[in-house]
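> give the three-dimensional model of this entry:
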Amino acid sequence: MQRDDHPFPDAPPRWRDELRETFQLALPLVLANLAQTAIYSTDVVMVGWLGAPQLAASALAVNLYSVLLFTGTGLITAAAPLIAAELGARKHSVREVRRTVRMAIWAAVLFAIPAWLILWHTEAVLLALGQDPQLARHSGEFMRALQWALLPALIIVALRNFVAALGNAGIALAVIVAGIFINAALDWGLIFGHWGLPRLGLVGAGIASSITSYLMMFVLIGIVLIHPKTSRFHVFGRLFKPDWERLATIIRVGVPIAFTLAFEVTVFSAAVYLMGLISETSVAAHAIALQIAAITFMVPLGISQATTIRVGLAFGAKDPSWVSRAGSASLVMAMGFMSVAALAIWLFPRDLASIFLDAAKPENAPVLDLAVKFLFIAAIFQLADGAQVVGAAMLRGLQDTRVPMYYAAFGYWVVGLGGGAALAFWGGWQGVGVWTGLAGGLAAVAVLMLWRWSRRGRLDLIPRRAPVDV
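Down below sits the predicted model:
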């Protein structure tokens, strides 16, 4: 006969139990994302104190950097569902987890090398995109200091996936929180010339970010080496020995994730360049509104990271009921937070925008006024943004990444960027048209991702475990 007890005791028997497990895993991931955003926000605030032109130049550079950072992050993120599925199938697996982490680090290095070559020529890239020559020059100077942060950032992603899958996401959180204070101190010294350091302005912000990233990476490596729950995996042993089979698996699963994230990030980056064709004021206002939206997005992003792991565990256990609970618990959690975020942005747009520029200076008034208009639209698309990121993560936990990539391409670029450009230039809506298109693109992707999730059984995306006889 069949066993009456659940074959995997880690599978929560009730929906509220899954909600609790997801929350406990997601909380340190959310806090780590917010801490990471605090590091970037510190840069934006301090560069904003230099003036609107410097803020606009940094926005152009950071958006190009973000495209490659998130693309690389997508590639490395393949490790999360692979590790989770292995632990779901064999709770105490060591060798297979170690193989995945090692090759994720290899993938980070292999991605960073060509990415550095692209970032080194930022000025030429921006000029080719029709940006203002002076802004392009300052952006290029800033990027040659910032670009070196890419590799440690990707290695941190690989190690975060590892510790999170083991239920120890708080390890990465502690490191990133420490990075906030280090980065702020370095920004204060290198941008403005305090504490005997040279006054480097915009370039100083890039140097501060790179130094901070390397320090965080080395500290996280040290913790992984000595922490009782991670040291037994010996993930850095024989690190230089290739494992082509596992690297190929990471590439197979990770490349569609990389493109999916790239489509999302590039549509926002392309929006910055569209703003550059409109006015410098539009670029600065877009940078402010996007930074605020990015802060709220860190919460559903953290939930989505937990979602991939929870769904991945259920996928490895071949338990369709657990898969369903893991997905629905995450979606409810994300939608609840984004509803609150939308209300806050809608009620206090000027107060939020004034954090990034001094409202007392008359020359900043046009930027703040335009940022407020953008934030009203950002409030509307909060729910769509939460739904699309969690929807993609649920499918990612099932290692279903190729079709979601096509959905992302259509939603972000055809609906989002295409519609935004049409409204901005043909419809005469300018920056408001760009943001309206972005909102429509996010909504389209959310609908498509959740529709595919609802059909996961018909599509045979979940392997079923054979009955156990005793």
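> who's in contact with stretch 406-413?
With contact meaning CB atoms under 8 Å, 6 or more residues apart in numbering, stretch 406-413 is reached by 259-260, 263-264, 266-267, 388, 392, 441-442, 444-445, 448-449, 452. In this view, the C-beta of every residue, glycine as well, is placed from N, C-alpha and C.
> does residue 146 sit in a helix or strand, and which one?
helix 133-146 (DSSP states H and E).
> from the contact counts, what lies against that helix?
helix 52-77, helix 95-120, helix 122-128, helix 202-226 (3 or more CB pairs under 8 Å, 6 or more residues apart in numbering; DSSP states H and E).
> again, only using 10 Å
helix 52-77, helix 95-120, helix 122-128, helix 202-226, helix 280-317 (3 or more CB pairs under 10 Å, 6 or more residues apart in numbering; DSSP states H and E).
> where are the low-confidence patches of the protein?
1-13, 464-470 (pLDDT under 70).
> centre of the chain to the helix or strand hosting residue 332, how far?
Using DSSP H and E, residue 332 falls within helix 320-347. Helix 320-347 sits 17 Å away from the centroid of its parent chain (CA atoms, centre = their mean, to the nearest Å).
> in that helix, what's buried?
By 16 or more other CB atoms under 10 Å, the buried positions in helix 320-347 come out as 320, 322-331, 333-335, 337-338, 341-342, 344-345.
> then stretch 110-123?
Within stretch 110-123, judged by 16+ other CB under 10 Å, the buried ones are 111-112, 115, 118-119, 122-123.
> kindly report the same for stretch 394-412.
In stretch 394-412, counting by 16+ other CB under 10 Å, buried: 394-401, 404-405, 407-412.
> sorry, back to before: could you dump the helices and strands packed on helix 133-146 to TSV with distance to residue 182?
Putting the helices and strands packed on helix 133-146 into TSV (distance: least, CB to CB, whole Å) gives the following:
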stretch	distance to residue 182
helix 52-77	19
helix 95-120	22
helix 122-128	25
helix 202-226	5
helix 280-317	19
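> how many residues are close by residue 361?
12 (other CB atoms under 10 Å).
> what of residue 426?
9.
> ok, the one 3 residues further on next?
Using other CB under 10 Å, the number of residues around residue 429 comes to 16.
> thought it was touching residue 282?
No - with contact defined as CB atoms under 10 Å, residue 429 does not count as touching residue 282 (11.6 Å).
> which of the helices and strands packed on helix 133-146 sits closest to residue 26?
Across those, residue 26 has its closest neighbour in helix 280-317 (3.7 Å, CB to CB).
> how far off centre is that closest one?
5 Å.
> quick one, it and helix 320-347 angle?
160 degrees (axes from the mean of the first three to the mean of the last three CA atoms, to 10 degrees).
> dump the buried residues of stretch 110-123 to JSON lines, plus distance to residue 101.
Output for these, formatted as JSON lines (distance: CB to CB, whole Å):
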{"residue": "111", "distance to residue 101": "16"}
{"residue": "112", "distance to residue 101": "17"}
{"residue": "115", "distance to residue 101": "21"}
{"residue": "118", "distance to residue 101": "27"}
{"residue": "119", "distance to residue 101": "26"}
{"residue": "122", "distance to residue 101": "31"}
{"residue": "123", "distance to residue 101": "37"}
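> got the CA coordinates for stretch 97-112 in PDB?
The C-alpha trace of stretch 97-112 is given here as PDB (Å, rounded to 0.1, in the frame of the first residue of the first chain):
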ATOM      1  CA  VAL A  97      25.500  21.400  -4.800                       C
ATOM      2  CA  ARG A  98      29.300  22.000  -4.700                       C
ATOM      3  CA  ARG A  99      29.500  21.400  -8.500                       C
ATOM      4  CA  THR A 100      26.800  24.000  -9.200                       C
ATOM      5  CA  VAL A 101      28.300  26.700  -7.000                       C
ATOM      6  CA  ARG A 102      31.800  26.300  -8.400                       C
ATOM      7  CA  MET A 103      30.600  26.500 -12.000                       C
ATOM      8  CA  ALA A 104      28.400  29.500 -11.100                       C
ATOM      9  CA  ILE A 105      31.500  31.300 -10.100                       C
ATOM     10  CA  TRP A 106      33.200  30.200 -13.400                       C
ATOM     11  CA  ALA A 107      30.200  31.600 -15.200                       C
ATOM     12  CA  ALA A 108      30.600  34.900 -13.400                       C
ATOM     13  CA  VAL A 109      34.200  35.200 -14.500                       C
ATOM     14  CA  LEU A 110      33.500  34.200 -18.100                       C
ATOM     15  CA  PHE A 111      30.700  36.800 -18.300                       C
ATOM     16  CA  ALA A 112      32.600  39.600 -16.600                       C
END
